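In: The amino acid sequence is not available; the structure is as follows:
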């Protein structure tokens, strides 16, 4: 059993319902108790949007606020539950997920309303409250403890003998007892953080008064220790993030293919993914070669193993061989997985020599021994490899080995039927990024986008829509043609080779983003979808100071 499976198994044993939602508002974990309380099936809601599947949820709101909502009393049909919601944050204090822990307290409340004598209630409630992992204490009209459950002793460290008959403040390190406050105010108290004096634990307590024929008879406190659940969920999320880094995230369903051209690409890629053959993906800058590579990996029999990407054009020539073939190299890390080598035309002679040996013999020399990794290669290029072969810049043998299956992704200007769906897909992603609610594009805006030549392809489209959102007022909910940057007009007049126009466009976008970010390179790299290292490489390449 893996660590991830062990943690999930532990959470499934809890009597409390537990739901966890990722930053895209999708449910990535729900335990059996939650399914039972909500009357939902796990397979129907996992990986689904929480707003669309869980009634009265607020987990998506916590993704924006980053604030805990603790021990909220909530009606759920004919049930009453107590729920605590809290954000899960990374080391940078950024909210990366949210979780809710809740329990059905319908039975406890009904018993508290119907029983006319606290001693009679004690006998009926003992077996019920002892089954919960939450600490429960019951106090009389004077705020003196008359009953506690087993979990109370576990959480507080105090036995029934030490607390029953004593003021309810006996378990607190500081502050007023909530039972005593409830006896005075005769109303529920929720979301109060307290520290237990004996165990030194921080707990969340809620106290509800109960009445018999409108006479106050006492109060019931539910004391929730969230520390262990928070630890397990944080560990689960850390494991999930670690696995996510080693896995591709895109599938064929994520690729827009409204055009005939892209439909053919998808069909060809799907067929190729079912084989073990290496694949060459060709196409201009920004057409989505890596997305297709990830989809191929996720549709192959290697989908549960490592996927890694390396862009050779960003690796110094003298470092390429060591990074690809040295000790702890990309080939070592992707054994039994998939390695996507981007811009294979940038490979130096040493890399080409070792790559050819691997393609021929399935092995290469690594630190004085022959290494035989089982790696499925997907390679990409923006160049015409046949031309590079003819002028001696690229190995003819490698070309023949890697081009058995060649998938060409057409430029965006050659498949304009995809632009509306692509634009909406990008808009959905940017809504999450900026916390906006922008519903769609007007027809004139889509027409304007479709009429542009898109030298930078999908990456340029992403940037233009990003800038369109920045041009909008907070109350705007539809992107119109007036929001779309004037770059679409000026770029139509560009001249020069395709490569020169792409480079000019990229340089212009980097300069504009640096201006928007007031020279903050870290922020600019995030908005451009680049690593800081890649941004510095491009700044040096374009001589941007």
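Out: Ah, there it is. None of the values given here were measured: they were computed from a predicted structure. Residues are numbered from 1 along each chain as shown.
In: going forward, measure contacts between C-alpha atoms and count neighbours the same way
Out: OK.
In: where are the low-confidence patches of the stretch 301-450 of the chain?
Out: 367-368 (pLDDT under 70).
In: quick one: the helices in it?
Out: Here the stretch 301-450 of the chain has its helices, by DSSP state H, counting those that start in this stretch, at 317-325, 330-333, 349-361, 385-390, 396-402, 419-434, 443-450.
In: just the angle between the third one and helix 317-325, please?
Out: Read that as helix 349-361. Interaxial angle of helix 349-361 relative to helix 317-325 (axes from the mean of the first three to the mean of the last three CA atoms, to 10 degrees): 20 degrees.
In: Quick one: list the elements packing against helix 349-361.
Out: For helix 349-361, the elements it packs on are helix 317-325, strand 364-366, helix 396-402, judged by 3 or more CA pairs under 8 Å, 6 or more residues apart in numbering; DSSP states H and E.
In: and the spatially closest residue to residue 99 that is not a sequence neighbour, what is it in contact with?
Out: Of all residues not flanking residue 99 in the chain, residue 20 sits nearest, at 4.1 Å (CA to CA, 6 or more residues apart in numbering). Residue 20 is in contact with 27, 28, 29, 30, 97, 98, 99, 100, counting by CA atoms under 8 Å, 6 or more residues apart in numbering.
In: and the residues you listed as JSON lines, adding secondary structure and pLDDT?
Out: JSON lines is the format used below for these (DSSP: H, G, I helix; E, B strand; the rest coil; pLDDT from 0 to 100):
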{"residue": "27", "secondary structure": "strand", "pLDDT": "93"}
{"residue": "28", "secondary structure": "strand", "pLDDT": "92"}
{"residue": "29", "secondary structure": "strand", "pLDDT": "91"}
{"residue": "30", "secondary structure": "strand", "pLDDT": "91"}
{"residue": "97", "secondary structure": "strand", "pLDDT": "93"}
{"residue": "98", "secondary structure": "strand", "pLDDT": "94"}
{"residue": "99", "secondary structure": "strand", "pLDDT": "92"}
{"residue": "100", "secondary structure": "strand", "pLDDT": "92"}
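In: Spatially, which two of the residues you listed are the most separated?
Out: Maximum pairwise distance in the contacts of residue 20, criterion CA to CA, is 13.4 Å, between 30 and 97.
In: Have a look at these two and say which one is more surrounded.
Out: Higher neighbour count among residue 30 and residue 97: residue 97, with 27 against 23, using other CA atoms under 10 Å.
In: Give me the below-cutoff pLDDT ranges for the stretch 101-250 of the chain.
Out: 109, 111-126, 128, 170-174, 197-199, 226-230, 238-247.
In: give me the number of residues near residue 372?
Out: 16.
In: Tell me who's in contact with the nearest residue to it once chain neighbours are set aside.
Out: Setting aside the residues directly before and after it, residue 372 is nearest to residue 363 in space (CA to CA, 6+ apart), at 4.3 Å. Taking CA under 8 Å, 6+ apart as the contact definition, residue 363 lies against 357, 370, 371, 372, 373.
In: doesn't residue 333 make contact with the last one?
Out: Read it as residue 373. No. If you go by CA atoms under 8 Å, residue 373 and residue 333 don't touch, sitting 9.3 Å apart.
In: Against residue 185, how distant is residue 214?
Out: 14 Å (CA to CA, to the nearest Å).
In: Against which helices or strands is the host helix or strand of residue 533 packed?
Out: Element membership of residue 533 [criterion: DSSP states H and E] is helix 532-541. Secondary-structure packing of helix 532-541 (3+ CA pairs under 8 Å, 6+ apart): helix 521-528.
In: So which bits of the helix it packs on are buried?
Out: 521, 523, 524, 525, 528 (16 or more other CA atoms under 10 Å).
In: Same check on stretch 414-434?
Out: 415-420, 422-424, 426-428, 430.
In: which outside residues touch that stretch?
Out: Outside stretch 414-434, the residues that reach it (CA under 8 Å, 6+ apart) are 24, 256-262, 412, 436-438, 440-441, 446, 449-450, 461-462, 465-466.
In: repeat that for 7 Å
Out: Applying CA atoms under 7 Å, 6 or more residues apart in numbering, the external contacts of stretch 414-434 come out as 256, 257, 258, 259, 261, 437, 438, 440, 446, 450, 462, 466.
In: Same question for stretch 88-103.
Out: Counting by CA under 7 Å, 6+ apart, 16-23, 59, 62-63, 66, 81-87, 234 sit against stretch 88-103.
In: Of the contacts of residue 363, select the buried ones using a ChimeraX command.
Out: To isolate the buried ones among the contacts of residue 363 in ChimeraX, judged by 16+ other CA under 10 Å, type:
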select :371,372,373
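In: Just give me the closest of the contacts of residue 363 to residue 540.
Out: Among these, residue 357 lies closest to residue 540 (CA to CA), at 34.1 Å.
In: Could you verify my assumption that that closest one touches residue 365?
Out: No. Residue 357 is beyond contact range of residue 365, at 9.0 Å (criterion: CA atoms under 7 Å).
In: returning to that earlier point: can you tell me the SS state at the residue nearest to residue 99?
Out: Judged by DSSP: H, G, I helix; E, B strand; the rest coil, the three-state class of residue 20 is strand.
In: hey, what's it bridged with?
Out: Note on residue 20: beta-bridge partners residue 29, residue 99, judged by DSSP bridges.
In: what's the distance between it and residue 72?
Out: Distance from residue 20 to residue 72, by CA to CA: 17 Å.
In: Then residue 397?
Out: Taken as CA to CA, the span from residue 397 to residue 72 is 67 Å.
In: Which one's more surrounded, those two?
Out: Counted by other CA under 10 Å, residue 397 and residue 72 do not tie: residue 72 has more neighbours, with 16 against 13.
In: what about that one, distance to residue 195?
Out: 19 Å.
In: same thing with residue 378?
Out: Residue 378 is 56 Å from residue 195, by CA to CA.
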